[in-house]
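Pasted the sequence and its predicted model underneath.
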Amino acid sequence: MAGLFINGAVDDASVKAFDELENSVKSLINAAIEARKHAYCPYSKFAVGAAIQTDDGHIYTGSNIENGAYSASLCAERVAVAKAVSEGKRQIAAVAVVGLQENSFTTPCGLCRQFLMEFAKTDFPIYVAKPINPPLRVLCTSISQLLPKSFKLDF
Ligand code: THU
């Protein structure tokens, strides 16, 4: 029913079976599932894992890292971006994010969308799945779909 999901209705066409995906995408999702095991989330108890493939094929992972001063917390996606960028990478090729919510996909938060967009030379796919082995369904979207008409400093 339209309007049922306040975080944006998921178009069935963008949800694929894990088995149908290319091996490189499966590996990226599995890397995010592994990274989620290292989440430090004593406050929310909500563990998230992310994996970023850069244009040279390398995979950088991240998990959320919370802090007693809550606003200092980091999302899994930004941890993964920080690892890639601080190793000299500047172009994201694909992203996977995993979080366990029963009724929705854990898509990147608004701040992380902006953070990811900074390193988008072209649009890149974002795969969102549940951290079960193997995940059954995967939301296949992209940075431009998640952050349309985005801000980028032009200099
Ligand atoms: N979180 C992420 O790491 N990534 C997301 O895409 C959504 C939210 C984290 C932030 C916080 O540690 C916890 O999940 C609950 O919001």
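It's in.

Check the protein and tell me which residue is nearest its centre.
Geometric centre of the chain, nearest residue: Val97, 3.2 Å, by CA atoms, centre = their mean.

give me the beta-bridge partners of it?
Per DSSP bridges, the residues bridged to Val97 are Ala50, Val128.

how near is it to Ala51?
In this view, Val97 and Ala51 are 8 Å apart by CB to CB, to the nearest Å. C-beta: built from backbone N, CA, C; applies to glycine.

What parts of this protein come near the ligand?
Contacts of the chain with the ligand, taken as CB under 6 Å from any ligand atom, map to 41, 44, 46, 48, 64, 66, 73, 75-77, 97, 106, 108-109, 112.

which residues are contacting the longest helix seen in the chain?
Assignment by DSSP state H gives helix 23-36 as the longest helix of the chain. Contact partners of helix 23-36, identified using CB atoms under 8 Å, 6 or more residues apart in numbering, comprise 18, 21, 47-51, 53, 59, 61-63, 76, 80, 94-99, 125, 127, 129, 131, 133-135, 138.

now swap in stretch 146-153 and tell me
107-108, 113-114, 116-118, 126, 144.

can you pull out the helices in the protein?
According to DSSP H, the helices that the chain contains are 23-36, 76-85, 110-117, 143-146.

Minimum distance to Asp11: which of those has it?
Nearest of the helices of the chain to Asp11, taken as CB to CB: helix 143-146 at 9.7 Å.

Where does pLDDT dip in the chain?
Along the chain, the parts satisfying pLDDT under 70 run over 1-10.

now with 80?
The chain contains residues with pLDDT under 80 at 1-13, 155.

Now which of the contacts of stretch 146-153 would you call buried?
Buried by 16 or more other CB atoms under 10 Å: 107-108, 113-114, 116-117, 126, out of the contacts of stretch 146-153.
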